[in-house]
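>>> mind folding the following:
(one chain, ligands or ions: 2)
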Amino acid sequence: MSQDYIWPVTRYSLEDYYEEVWTHCVKCKYCQHVYLPDTVDHRFHYQCPSGEVFKFEAYYASGRNELIRALLEGEVKWSDRVRHIIYTCTICGACEAWCMFSGRGYPLKAIEKLREYAVEVGQGPLPAHKKFAESVQVNHNPYGEPHQNRFAWLPSGFAPRDVSLIESGVVYFVGCTTSYRRMEIAQATVKVLEHLEIPFTVMDGEEWCCGSPLFRTGQVKGGVETLAHNIEVLRKMKAKKLIVSCAGCYKTFREAPRYGLKLPLEVIHVTQLLAPLIKELAGKGKIKLKRPIEKSTYHDPCHLRLFRMFEPPREILRAIGIDLAEMPRNRLNSFCCGYGGGVRAEFKDYALQVASMRLEEAKSTGANVIASICPFCKHNFLETAGVLGLNMKTYDVMELLAKALGL
Ligand code: SF4
Ligand code: SF4
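Ligands and ions are numbered 1, 2, ... in the order given. The predicted structure is shown next:
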């Protein structure tokens with residue numbers, strides 16, 4: 001999907017989107033709701049979190065298109081309201097998936113370019129996003145955590161400098177949120193890879209933030225710097241395959257060419273690597289899988305939406321015998337968890353509100369477990385379920401797979 005989707009992203013300035021936002025956006029509103037024939041439950045018809053929460057045209061992609069035109073024409077002046085409109089988009093990509101008229105996939109990229117423009121003209125990012133950038137400079141992560149603690153979760157017996165592991169050419173890129181906030185995902189991933197005897201290494205002290213929080217908030221220069229560092233280290237390691245367990249890292253590495261960076265290796269989500277292998281090994285009786293829970297629903301992370309990366313995690317859940325109950329909005333129609341695009345850092349109540357909307361949909365399936373493959377989604381769902389006192393457990397698919405393997 002990558003090349004078809006990524007073309008033609010090489011728009012150099014906000015002005016390059018003028019024609020799209022002015023003449024191609026016909027205000028049809030397909031970007032606001034689930035495509036009608038795909039609506040299976042009228043309660044869950046909406047697609048754009050910011051439009052649904054703030055209930056005003058400006059908060060949908062169609063309105064943000066109009067804002068771009070108006071800013072370029074000088075019709076609208078910068079204000080706190082304008083910045084609020086720009087930075088409450090969760091960058092979920094639902095609008096881009098369903099925009100029927102551009103035919104080129106632009107609404108999300110236009111919004112991302114609008115944020116870049118806001119930064120260029122000194123009107124963005126917002127205070128919490130500036131802190132990300134400062135921390136990435138100093139600590140190589142956006143959370144203000146010491147860099148030396150990045151791999152504190154690594155099992156003591158694992159030796160990333162082992163020559164045979166480096167020669168495998170397979171590198172697990174862990175990412176900041178998994179390393180510092182949801183270490184259980186990293187631990188489960190390492191346990192499963194080791195159990196299945198898949199040789200791999202990690203970048204150890206050389207892994208820096210992939211750049212996702214900076215790219216998503218318009219701070220592209222800083223994003224390129226930290227991503228370029230990682231790519232250069234991987235090139236020196238002669239890595240051929242990069243495994244990620246974070247949807248944000250996946251999008252960022254896959255989109256490196258968009259920012260002029262050559263990617264000298266394949267990037268895959270760990271579930272893409274494992275789904276066919278698990279089925280094969282289980283089919284041959286080489287591994288035993290014990291169903292860890294009865295039933296679960298599955299949440300598609302937004303950062304995987306436009307890459308159409310939907311099936312591998314579902315295949316793993318089914319292979320381990322879990323009854324998979326789909327939410328009304330799934331795959332291309334998935335609804336955001338509320339974390340993304342720098343929203344949670346700056347507008348936490350809104351982020352939790354969006355997560356609660358998604359958890360309500362998860363509840364409607366009759367499941368009390370929501371599985372996903374992104375540490376951001378897990379983090380936001382966990383906190384929201386706790387705040388609301390909901391009986392809804394949240395697991396990463398890798399945790400469920402580790403349990404199924406008895407690890
Ligand atoms: S779907 Fe596309 S063309 Fe239609 S209103 Fe939304 S952005 Fe405009
Ligand atoms: S990316 Fe998501 S939140 Fe932003 S305008 Fe599009 S649908 Fe709405």
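
>>> ok, the residue lying closest to Glu15 once chain neighbours are set aside - contacts?
Leaving aside its chain neighbours, Glu15 sits nearest to Leu72 (6.3 Å; criterion: Cβ to Cβ, 6 or more residues apart in numbering). Backbone N, C-alpha and C define where each C-beta goes, glycine included. Leu72 sits next to Leu14, Glu15, Tyr18 when contact means Cβ atoms under 8 Å, 6 or more residues apart in numbering.

>>> out of these, who's nearest ligand 1?
Nearest to ligand 1 among the contacts of Leu72, counting by Cβ to the nearest ligand atom, is Tyr18 at 14.2 Å.

>>> and the closest one, how many neighbours does it have?
By other Cβ atoms under 10 Å, 15 other residues sit near Tyr18.

>>> I'd guessed it sits against Arg69; true?
Yes: using Cβ atoms under 8 Å, Tyr18 makes contact with Arg69 at a distance of 6.9 Å.

>>> now the residue lying closest to Arg329 once chain neighbours are set aside: how far from ligand 2?
Distances taken as Cβ to Cβ, 6+ apart put Phe335 closest to Arg329, at 4.7 Å, once the chain neighbours are dropped. Using Cβ to the nearest ligand atom, to the nearest Å, Phe335 is found at 9 Å from ligand 2.

>>> mind checking which helix or strand Phe335 is in?
Assigned by DSSP states H and E, Phe335 belongs to neither a helix nor a strand.

>>> so what's it scoring on pLDDT?
Looking at Phe335, its pLDDT reads 97.

>>> hmm, it is touching Glu360, no?
No: assessed by Cβ under 8 Å, Phe335 is found out of contact with Glu360, at 10.2 Å.

>>> these two: who's more crowded?
Between Phe335 and Glu360, counted using other Cβ under 10 Å, the more crowded position is Phe335 (25 against 14).

>>> residues contacting the more buried one?
Phe44, Tyr46, Gln47, Pro49, Cys92, Ala94, Met327, Arg329, Met357, Arg358, Glu361.

>>> now, which of the contacts of Leu72 lie close to ligand 1?
With Cβ under 6 Å from any ligand atom as the criterion, the contacts of Leu72 include none near ligand 1.

>>> want to throw the residues you listed into TSV with secondary structure, pLDDT and distance to Asn391?
Formatted as TSV, those follow (DSSP: H, G, I helix; E, B strand; the rest coil; pLDDT from 0 to 100; distance: Cβ to Cβ, whole Å):
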residue	secondary structure	pLDDT	distance to Asn391
Leu14	helix	91	46
Glu15	helix	90	51
Tyr18	helix	89	50
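
>>> go through these and name the one nearest His229.
Nearest to His229 out of these is Leu14 (Cβ to Cβ; 27.4 Å).

>>> from Leu71, how far out is the closest residue to that closest one other than its chain neighbours?
Leaving aside its sequence neighbours, Leu14 sits nearest to Tyr117 (Cβ to Cβ, 6+ apart; 4.2 Å). For Tyr117, the distance to Leu71 (Cβ to Cβ, to the nearest Å) stands at 8 Å.

>>> and for these two, which residues touch both?
Shared contacts of Tyr117 and Leu71, defined by Cβ under 8 Å, 6+ apart, comprise Leu14.

>>> just to revisit the earlier point, turn the contacts of Phe335 into CSV, including neighbour count.
Rendered in CSV, the data for those read as follows (neighbours: other Cβ atoms under 10 Å):
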residue, neighbour count
Phe44, 19
Tyr46, 18
Gln47, 25
Pro49, 29
Cys92, 28
Ala94, 29
Met327, 23
Arg329, 24
Met357, 20
Arg358, 24
Glu361, 21
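
>>> which residues in the stretch 251-400 of the chain form strands?
Ranges of strands within the stretch 251-400 of the chain are 266-269, 295-298, 323-324, 369-372, 393-396, based on DSSP state E, counting those that start in this stretch.

>>> ligand 1 contacts on this structure?
Counting by Cβ under 6 Å from any ligand atom, the residues of the chain lying close to ligand 1 are 25-31, 61-62, 65, 95, 99-102, 107.

>>> got a list of what the residue in the stretch 251-400 of the chain positioned nearest to ligand 2 touches?
Using Cβ to the nearest ligand atom, the single residue of the stretch 251-400 of the chain nearest to ligand 2 is Cys336, 6.3 Å away. For Cys336, the contact set (Cβ under 8 Å, 6+ apart) comprises Pro49, Thr90, Cys92, Ala94, Cys302, Val354, Arg358.

>>> just the residues you listed now: which is nearest ligand 1?
Nearest to ligand 1 among these: Ala94, at 10.2 Å, using Cβ to the nearest ligand atom.

>>> now the residue nearest to the closest one when sequence neighbours are not counted. Its backbone dihedrals?
Using Cβ to Cβ, 6+ apart and skipping residues adjacent in sequence, the residue nearest Ala94 is Gln47, 4.1 Å away. When read as degrees, to the nearest 10, the backbone of Gln47 gives phi -120, psi -30.

>>> if we can go back for a sec, separation between the residue nearest to Glu15 and Glu66?
Distance, Leu72 to Glu66, by Cβ to Cβ: 11 Å.

>>> go on, Glu232?
With Cβ to Cβ as the criterion, Glu232 and Glu66 are 41 Å apart.

>>> the two: who's more crowded?
Higher neighbour count among Glu232 and Glu66: Glu66, with 19 against 13, using other Cβ under 10 Å.

>>> poorly predicted segments of the stretch 151-300 of the chain, please.
By pLDDT under 70, the stretch 151-300 of the chain contains no weakly predicted segment.

>>> residues from the protein in reach of ligand 2?
So far as Cβ under 6 Å from any ligand atom goes, the chain lies against ligand 2 at 47-51, 60-61, 64, 89-95, 107-108, 111.

>>> please repeat the previous calculation with a cut-off of 8 Å.
31-32, 47-51, 59-61, 64, 88-96, 107-108, 111, 302, 336, 341 (Cβ under 8 Å from any ligand atom).

>>> quick one: secondary structure of the residue lying closest to Glu57 once chain neighbours are set aside?
Spatial nearest neighbour of Glu57, chain neighbours left out: Gly63 (4.2 Å); criterion: Cβ to Cβ, 6+ apart. Following DSSP: H, G, I helix; E, B strand; the rest coil, we place Gly63 in the helix state.
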